[in-house]
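Q: next input, structure requested:
(chains A and B)
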There are 2 protein chains.
Amino acid sequence: MSVLVIGSVALDTVKTPLEERADLLGGSASYAAVSASFFSPVNFVGIVGDDFPKAHLDLFQQRGINLDGLEVATGKTFRWSGEYHWDLNTRTTRSVALNVFERFSPKLPLPYRRTPYALLGNISPQLQLQVLAQMERPKLVVCDTMDLWISTAQDALMELLTKVDVVVVNDGEARELTKQTSLIKAGRQILNYGPAFALIKKGEHGCLMFGKDLFFSAPAYPLEDIHDPTGAGDSFAGGFTGYLAQVGDLSPHHLRRAVVFGSVAASYCVEDFSLERLKKLRKEDLDERFRVFKQMSQFEG
Amino acid sequence: MSVLVIGSVALDTVKTPLEERADLLGGSASYAAVSASFFSPVNFVGIVGDDFPKAHLDLFQQRGINLDGLEVATGKTFRWSGEYHWDLNTRTTRSVALNVFERFSPKLPLPYRRTPYALLGNISPQLQLQVLAQMERPKLVVCDTMDLWISTAQDALMELLTKVDVVVVNDGEARELTKQTSLIKAGRQILNYGPAFALIKKGEHGCLMFGKDLFFSAPAYPLEDIHDPTGAGDSFAGGFTGYLAQVGDLSPHHLRRAVVFGSVAASYCVEDFSLERLKKLRKEDLDERFRVFKQMSQFEG
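A: Numbering: from 1, shown residues only, chains lettered A, B, ... in the order given. Model prediction:
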C-alpha cells in the first residue's frame, strides 16, 4: 500500500566537529520519503523554490517517489544551517531561512487523498493538521514533531495527537512534552494524549515503543563512527511507516519489525552527510542489517 | 558451582529526592553476594567491625552464603553516605569513613581457593589483585570497578584487566577508562586491555556486552519508579556471575542469558532501599521478570 509523506524539503548547511558541507539536500520529507520508498510507493507533499537543484528531484524520481504533490514555487528553497557539537548528540541551529516555506499551504492532489498510510513528518502541527483534514479515513497516521513545536505550538500539537495513531519523539522531546523525567512514565503518559502508540527515539540507546498492551525496546546499531546525524529521526519514521504500509498489517509482530526497520534506515542515514548513504542503499542492505539487529538483541528463554 | 565474592560491606546513609535513610546494609559484596546466591553457593570475602548488626549477618546466612571469609574486626564497620539528585542518575558522595576497611588484607580460607567462579566486586584493584593471587586457576573471573579507581589506581587496574575474563563498568567509567566518546569504540577498546568480555551498564538504557565475536544489547526493565539506585551495578554483577556459575557454561547462549539475569536482579534491587527488595525476592520472581525481558526485546526475523 502507498504512504503519503509530508514535511520540509530543505537545502542544509551542516557543520560537524570534522567537516562542514553546504547546500545539501535535507528536510524531514526528503529523508522520510526516500527511507519509506524502500518499502512502499510514496506520495510526496512539500514545497521547494525555483532554485532547487534538478539532481535532487532526480533522486526522488529514481526512488519512484510520486512528486505530483511537490509544489515548485517562485523564490528560494527553505534553508537550514546547523552545527553538531563534539559528541554529535547536541546541535545548535545557526540559521533558518523559511523562504518559500513561509507561504506553504499544502493542497493534496485528489488521488493522494485516499492514500491509506500517512506520515506527517516534522513540520508545524498546523500544517500537519491541514494535510490530515484533506485525507479520507487513512488506515494509519504517524506523526513526528520536534521541541520547537512543543514550545511554540503546543495547542495545535495536542489537537494533532488526538487525531493520529502513532507519535514519534526523541527522549528530550518526550520529557518536555510530558514534564516527566522517567521515559517510561513519559511514554505511557503520551498514550493518554490520544495516540495508540508512542515511539521514543534515544539515539545511541535505541528506541522504545509504548502501546496499551505493548512495550518494545529496540537497540541501536553499534556504529563506531557517525558522520552526520541529520535526518536520522526522519529516516526512522520513514522506514517505520513504509514497512507497515508494505505489509498492511498493524499487529504487534509487524509493529516490532517496523521499529527495527526504522532503526536500520536511521543507522544507514548517519553514515554519511545528507542522503548520500540512502541514495546508494539497496533493499538487501536493509535486510542484512535487520538480521544483525536480531542477532545482537536476541537471547533464548 | 560456587562463586567467590569479594568487595565492601558497609553501613550506608542514603538520601534520595524523596527520603533519607541511615545505617542501611550496603557495600558491593553485600549486594553482589545476595544477588548471586539466588543462582549458586557463595563464598563471601569481606570485613566488618564489631558494631555490625547481627540482623545483616542473619540475612547472609538465610541466603545460604558461606561467611568463613568474613572477618569481624575490632572497630567500626565501613560507612558511606551519598545523595542522589532529582533524576537519580547522578549522585554525590557526602562522606566516607573507611574504619576497619583501612587495614583490610583479605586472606582466603583454604577451601575458598579453588572456588571455580570469582566476582571481584567493586573495591580497590590492589585488593582485587591480592585476592586473585590466592586463587587456584578459577574457571571465570569477573571484576567490577568504579571511577575512583580509574583516576587513583589506574596502574593496578590495568594490571588487573590483564588477569580477568570479564570486566563490568558503567558508561561513564567506560568513557573515562578509554577516552572514547563512543561506547561502541570504548567497549571494543577495553577488550584490548585483556578481558575476553566487556560489559557496559547504561542504567535506564540497559547494557552492552562486547566480546571478540559477540555483541549483545540488553534493554533495561521499564521501571516507572526507582527508589534507590544504590547497589544496582553490584546486583547486576552478582546475578551475571551467579548465573554462569549455576550453568557452568560460558557459551554465547549462556553469556547472553547471564546479562539478562543480571539486569533482572538489578531491576529488583532499585525498587527499595538497601537490600530490602532482594531480601524478599524468590527465585520465581527472577524467572518471571526474565520472561518479561524476553517479551519486550524480541522480534521475529
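Q: tell me the helix or strand right after the longest helix along chain A.
A: When chain A is scanned for its longest helix (criterion: DSSP state H), the result is helix A:252-269. Going down the chain from helix A:252-269, the next helix or strand is helix A:276-280, by DSSP states H and E.
Q: what residues of that following helix count as buried?
A: Using 16 or more other CB atoms under 10 Å in any protein chain shown as the burial criterion, the residues of helix A:276-280 that qualify are A:277, A:278. Just so you know, the C-beta spots here come from the backbone N, C-alpha and C atoms, and that holds for glycine as well.
Q: check stretch A:206-214 too.
A: Residues of stretch A:206-214 classed as buried: A:206, A:207, A:208, A:209, A:210, A:211 (neighbour count, 16+ other CB under 10 Å).
Q: tell me the helices in chain A, going along the chain?
A: Residue ranges of the helices in chain A, as given by DSSP H, are A:28-36, A:54-62, A:125-133, A:147-152, A:154-161, A:171-178, A:183-192, A:232-247, A:252-269, A:276-280, A:283-297.
Q: touching chain B at all, the longest one?
A: Spelled out, that is helix A:252-269. Yes - for helix A:252-269 and chain B, the contact criterion (CB under 8 Å from any CB of the partner chain) is met by A:253, A:256, A:257, A:259, A:260.
Q: ok, so of the residues you listed, who is nearest residue B:35?
A: Distance to residue B:35 across the residues of helix A:252-269 next to chain B (CB to CB) is lowest for residue A:256, with 30.2 Å.
Q: was I right about the closest one contacting residue A:216?
A: Yes - using CB atoms under 8 Å, residue A:256 makes contact with residue A:216 at a distance of 5.1 Å.
Q: any common contacting residues for the two?
A: Common neighbours of residue A:256 and residue A:216 are listed as A:209, B:299 (criterion: CB atoms under 8 Å, 6 or more residues apart in numbering or on different chains).
Q: between the longest helix of chain A and helix A:28-36, how many degrees?
A: Following axes from the mean of the first three to the mean of the last three CA atoms, to 10 degrees, one obtains 110 degrees for the angle between helix A:252-269 and helix A:28-36.
Q: how about the residues of chain A by chain B?
A: Going by CB under 8 Å from any CB, the residues of chain A near chain B are A:86-87, A:181-185, A:188, A:202, A:204-206, A:208, A:215-220, A:222-225, A:253, A:256-257, A:259-260, A:290-291, A:294, A:296-301.
Q: out of those, which are buried?
A: Burial by neighbour count, 16+ other CB under 10 Å: within the residues of chain A next to chain B this picks out A:182-185, A:188, A:202, A:204-206, A:208, A:215-220, A:222, A:256-257, A:259-260, A:290, A:296-297, A:299.
Q: how about the contacts made by residue A:174?
A: If a contact means CB under 8 Å, 6+ apart, then residue A:174 has A:180, A:183, A:186, A:187, A:190, A:198, A:200 as its contacts.
Q: want to throw the buried residues of stretch A:206-214 into JSON lines with pLDDT?
A: Supplementary listing: the buried residues of stretch A:206-214 in JSON lines, determined by pLDDT from 0 to 100:
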{"residue": "A:206", "pLDDT": "96"}
{"residue": "A:207", "pLDDT": "97"}
{"residue": "A:208", "pLDDT": "98"}
{"residue": "A:209", "pLDDT": "98"}
{"residue": "A:210", "pLDDT": "98"}
{"residue": "A:211", "pLDDT": "98"}
